[in-house]
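Here is a sequence with its predicted model. Questions after.
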Amino acid sequence: MINRDYCVTMARYNSWQNKQLTGFLEALDPAELTRDRGAFFGSILATISHLYWGDHMWMSRFDGGSKPTQSASESTTLFPTLAVWSAERFRMDGRIRIWAENLRSVDLAGDLIWFSGISGREMSKPMAMAVTHFFNHQTHHRGQVHAMLTAAGSKAPVSDLAFMPDSF
C-alpha cells in the first residue's frame, strides 16, 4: 500500500504546508483566528489545535513517544495563542520527519493495535492504513483552514503536492 518514501514525502509535505500556513496565520488580525466560522471545530485556532492534537496522538502510537495529556474533547483548546501553537507545531513536524526518515519496510507491515479513547475500545488496523489516515487527516483539516482563511479575506498557501519545493 505505502512505503518509507511515501512517508518521507508526506512528512516533508506536512512541514512545508505548516510553514506556509504559519505565515498566512501570522498576517491575520488575532481576532480572526478565534472567530467562529461555522466550521466543524468553529475557528481557525481550534482547528489547528485539533490537528496538532491528532498528530501528537498518532505519533505516540507510531513512535512510542509522548502523547497528549488532554482528551479528544479538549483538542480544540490546547493553544492560547498562535505563537504557542507555532512553536509546538515546529517541534511536532520535526518529530514526524525524524520518524518517517527512520522507517523500515517492516515498520509498515502488520497491524497497529491501540486503545481509542474516542471509541472506548481497543482498535486494530493495518499499520499502512493507519499511517495513510494520519497524513490524510492533516490534509483534510488544513483544507478546512484554507477555506477559513479565504473566508477571512486572506490569501491561502499553495497546497498542491506537485508544487512542493525539492529543497524543502
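Cool, the structure landed. Being a predicted model, the structure only gives us computed values, none of them experimental.

Give me the three-state assignment for E122.
strand (DSSP: H, G, I helix; E, B strand; the rest coil).

Can you get me a residue count around the residue nearest to it when sequence neighbours are not counted?
Distances taken as C-beta to C-beta, 6 or more residues apart in numbering place F115 nearest to E122, at 5.3 Å, with adjacent residues excluded. (C-beta placed from N, C-alpha, C; glycine too.) Residues lying near F115 (other C-beta atoms under 10 Å) number 10.

Quick one: residues contacting the residue positioned nearest the centre of the chain.
What sits nearest the mean C-alpha location of the chain, by C-alpha atoms, centre = their mean, is Q138, with 4.0 Å. With contact set as C-beta atoms under 8 Å, 6 or more residues apart in numbering, Q138 has these partners: N14, Q17, L51, G54, D55.

What residues sit buried inside the helix ranked longest in the chain?
Under DSSP state H, the helix in the chain containing the largest number of residues is helix 127-151. Within helix 127-151, the residues that qualify as buried are 127-128, 130-132, 134-135, 138, 141-142, 144-146, 148-149, counting by 16 or more other C-beta atoms under 10 Å.

quick one: that helix to chain centroid distance?
Distance of helix 127-151 from its chain centroid, counting by C-alpha atoms, centre = their mean, to the nearest Å, is 7 Å.
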